[in-house]
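**Student:** Fold the following.
(chains A, B, C and D)
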Protein chains: 2
Amino acid sequence: MADGPTINTIAERAGVSIASVSRVLNGLPTRQETVRKVMAAADELGYVRNAVARSLKSRRTHQVAFAMADVGNPAYLAMLREIQPVLKAAGYRLVLHSTDAVVEDEIAVLHSLGERYVDGLIMVPLRVTDAHLQMLAAARAPVVIIGSVPEGTPVDNVRADSRTGVRLALDHLHALGRRRIALVNGPLDTVPGAARGAAYREALGDLGLPYDEDLVRIGDFYRADGARAVAGLLAARPDIDALMCANDLIALGALDVLRALGRRVPQDVAVVGMDDTDLAAASWPSLTSVSLGSAERGKAAAELLLERLQGGEREPRLVTVPPRLAVRASTAGPAYAGGKYADGKDADGQEDGA
Amino acid sequence: MADGPTINTIAERAGVSIASVSRVLNGLPTRQETVRKVMAAADELGYVRNAVARSLKSRRTHQVAFAMADVGNPAYLAMLREIQPVLKAAGYRLVLHSTDAVVEDEIAVLHSLGERYVDGLIMVPLRVTDAHLQMLAAARAPVVIIGSVPEGTPVDNVRADSRTGVRLALDHLHALGRRRIALVNGPLDTVPGAARGAAYREALGDLGLPYDEDLVRIGDFYRADGARAVAGLLAARPDIDALMCANDLIALGALDVLRALGRRVPQDVAVVGMDDTDLAAASWPSLTSVSLGSAERGKAAAELLLERLQGGEREPRLVTVPPRLAVRASTAGPAYAGGKYADGKDADGQEDGA
DNA sequence: CATCCGTCTGTAAACGTTTACCGCGTGGAG
DNA sequence: CTCCACGCGGTAAACGTTTACAGACGGATG
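**Tutor:** Numbering: from 1, shown residues only, chains lettered A, B, ... in the order given. Okay, here's the model as predicted:
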């Protein structure tokens, strides 16, 4: 790992100046003979351009950061999956930041923009605090926020619309003839929990159905919580005929309990999840789920950022991604709707010892 | 976004030289008075150190790259989940490369090490070609390969052991009294496919069971392929009492078909998957699966790389991660074994518009 | 009072590029 | 034959740090 060749080494060997070497390597107009000599020297030496020096001079790193709470979370993953190819195609590298759901870490990421190791940032904040807004206003590089940001904040913004999402689900259930639709929600002090609770109430109203507090249960956003909540719900109100769950894990918990109690899905109780993760298609019965368009939001965010990186100044933009209902067996019968991992490789795909 | 302050700005304002500023910022011994002045100036100016310039001089970027075929693949994701925190704790940023299963892209990543935008690389190659070995021998930064690399290659190496994994599964099935155990494999020209096929045959031998070609089916590594293969298998050999599937998706396909045919799982047919992805716990019945330790491999790789980055030269090391059998309902009865996403947040967890 | 030592700080070079500027040589026009 | 224009290529500065080196200063020591 001795020191590699630099343009100086090449210049010496080719008998030209470093300026010429640089020009040749950058494809600037140069005499054929010089080009030949430089190229030959570069090849022989196995020269590779030093990206750091280049970045220092050009003030561009060709790197973009993506910051979210948790790499393991399917929703973020779906975004990442779309963001990555868009950036790659444009010649940008992706730097991943996982903030582990710590707000200070988010602020730290925003702060680190000043270090100029990236040209831009896509961030999915947990919550947008005053500290966020302050840092965003002073940001030293373009930022795209996936989530909601107050009007006037000088960043591009990509939003989901869970209100419409909940409405899609309830309309669907209503159309199937369900009238006693319960909500299994997550904590109300989270942004998604609050939004979904409100949307549920509103959509019921629009459908002419009464809002009944007994039909709403709050737990955490996990499978066991869903199971617990639904068990309680069914004990109290055995007559419910549909469950709207605030995410897919809760819905899986619901399926567990329904199965244990011998309630048929969807005949006796229809179940709808939310987020449309891979788990929804994998479960049995496969789970009808509201997609909030994580993938689309990721893609939109990446495109907005690129635009700003390449195009320069423009007004901050707001993009809202519409939700979509993925109808599967848990509401609409027993048909298997197909997998989702289908992208051409072993779900393992690594080399393998021994 | 005007040009931010540099150490020159600070030096001027504090009335000292840039050398002093640098020393203060790096915590080198300095007179209290100077420290005070510099700190004050830095604070007032909102100074943030330029990471690029720093890297150029120090020849360290504090970035590490992780390259694999596909961000969406659960196995790679499991690695990423472990790699990220290890690097973060050590002060390294993570640059993500997805090669989309194109070998040329892998070579390109190896080549780009010469650009020195990262201090090291963790790579999961699809296949190790001569080109790989050549680039690895000439690599300008430490590399850890997850997969198998010929002895003598000057890189650290982390391996799975699917042979033992298959054996664990077959032992388990055998102990449960199963004797007609079929294999639903992926293509034999893939590394995992070949390894698993051979391991199956060997393990059968050791158990004193005959190897029967009729009991082996080859398809692709997806759910639909699994379903197709198992349908054929059951038509030809209705007497089989266990299915060893080469990954979880295939196993899900198997479950689909068994359910459709009215075969009970596990009473009539026991099913084992491989990779132990989140889908295994989510399916119904939950799926017994062989974990090849993706998470552990990721962690080990990250630790090996850090060691080399911080410690310096040493002999290349080989770490083999033992497989583990996650026993669930598809072989051992109907109990629900609990979810896997349990890490404290909504499986969605984003802000939300409207 | 001269000397020495130690602490602190400033000057300048270096990391590897890109690029503004200038000078040289050639060829064509007058 | 002279002059000019123009195409190339070289010199040097710049990007923002870190750091080797040496100088300045103050206090202690002989």
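**Student:** Now do the SS call for A:Val210.
**Tutor:** If you look again at residue A:210, you'll see it is Pro, not Val. What DSSP: H, G, I helix; E, B strand; the rest coil gives for A:Pro210 is coil.
**Student:** Could you check how far it is from A:Arg140?
**Tutor:** Relative to A:Arg140, A:Pro210 is positioned 53 Å away (C-beta to C-beta, to the nearest Å). Yep, even glycine has a C-beta here, placed from its N, CA and C like the rest.
**Student:** Helices of chain A, start to end?
**Tutor:** Along chain A, the segments classed as helices by DSSP state H run A:7-14, A:18-25, A:32-45, A:51-58, A:74-89, A:103-112, A:130-137, A:162-175, A:191-206, A:223-236, A:248-260, A:278-282, A:294-311, A:329-332.
**Student:** picking up where we left off before, looking at A:Pro210 and A:Arg140, which is more packed in?
**Tutor:** Higher neighbour count among A:Pro210 and A:Arg140: A:Arg140, with 19 against 9, using other C-beta atoms under 10 Å in any protein chain shown.
**Student:** Tell me who's in contact with that one.
**Tutor:** Contacts of A:Arg140 were listed using C-beta atoms under 8 Å, 6 or more residues apart in numbering or on different chains, and they are A:113-114, A:116, B:1, B:4, B:48.
**Student:** For DNA strand D, what's the nearest residue on the stretch 151-300 of chain A?
**Tutor:** As assessed by C-beta to the nearest atom of the strand, DNA strand D sits closest to A:Pro154 within the stretch 151-300 of chain A, at 21.9 Å.
**Student:** correct me, but that residue touches A:Leu136?
**Tutor:** Yes - using C-beta atoms under 8 Å, A:Pro154 is in contact with A:Leu136, at 6.9 Å.
**Student:** which parts of the stretch 1-150 of chain A sit against DNA strand C?
**Tutor:** Residues of the stretch 1-150 of chain A lying near DNA strand C by C-beta under 7 Å from any atom of the strand: A:3, A:6-8, A:18-19, A:21-23, A:25-26, A:47, A:49-50, A:53-54, A:56-58.
**Student:** hmm, back to that, so for the residue of the stretch 151-300 of chain A closest to DNA strand D, what's the nearest residue that isn't a sequence neighbour?
**Tutor:** Leaving aside its chain neighbours, A:Pro154 sits nearest to A:Pro316 (5.6 Å; criterion: C-beta to C-beta, 6 or more residues apart in numbering or on different chains).
**Student:** okay, now the domains of chain A?
**Tutor:** Here the domain parsing of chain A from automatic domain parsing is A:7-49, A:63-161+A:295-322, A:162-291.
**Student:** The shortest one and DNA strand D in contact?
**Tutor:** It stands for domain A:7-49. Yes - judged by C-beta under 7 Å from any atom of the strand, domain A:7-49 and DNA strand D are in contact via A:15-20, A:29-31, A:33-34.
**Student:** Please indicate which of those residues are buried?
**Tutor:** Buried subset of the residues of domain A:7-49 next to DNA strand D (neighbour count, 16 or more other C-beta atoms under 10 Å in any protein chain shown): A:16, A:20, A:30, A:34.
**Student:** Most widely separated two among those residues?
**Tutor:** Maximum pairwise distance in those, criterion C-beta to C-beta, is 9.5 Å, between A:Val16 and A:Thr30.
**Student:** Neighbour count for A:Pro154 and A:Leu136, which is higher?
**Tutor:** It is A:Leu136, of A:Pro154 and A:Leu136, that has more neighbours when counted by other C-beta under 10 Å, with 21 against 14.
**Student:** can you tell me which residues contact that one?
**Tutor:** Residues counted as contacts of A:Leu136 (C-beta under 8 Å, 6+ apart) are A:110, A:143, A:145, A:149, A:153-155.
**Student:** Next: A:Leu173.
**Tutor:** A:181, A:242, A:244, A:270, A:272, A:331.
**Student:** Just give the nearest non-adjacent residue to it, would you?
**Tutor:** A:Ala242 (4.6 Å).
**Student:** picking that back up, I'd like to know how many residues surround the residue nearest to A:Pro154.
**Tutor:** Close neighbours of A:Pro316, defined as other C-beta under 10 Å, add up to 18.
**Student:** Count the residues that sit near the closest residue to A:Met135 other than its chain neighbours.
**Tutor:** Excluding its sequence neighbours, the residue lying closest to A:Met135 (C-beta to C-beta, 6+ apart) is A:Leu110, at 4.0 Å. The tally of other residues near A:Leu110 (other C-beta under 10 Å) stands at 23.
**Student:** So for A:Leu110, what's the pLDDT?
**Tutor:** Per-residue pLDDT puts A:Leu110 at 97.
**Student:** Pretty sure it sits against A:His132.
**Tutor:** Yes - proximity of A:Leu110 to A:His132 meets the contact threshold set by C-beta under 8 Å, at 7.0 Å.
**Student:** Tell me the pLDDT of the residue of the stretch 101-250 of chain A found nearest DNA strand C.
**Tutor:** Of all residues in the stretch 101-250 of chain A, A:Arg116 sits closest to DNA strand C, at 13.6 Å by C-beta to the nearest atom of the strand. Looking at A:Arg116, its pLDDT is 97.
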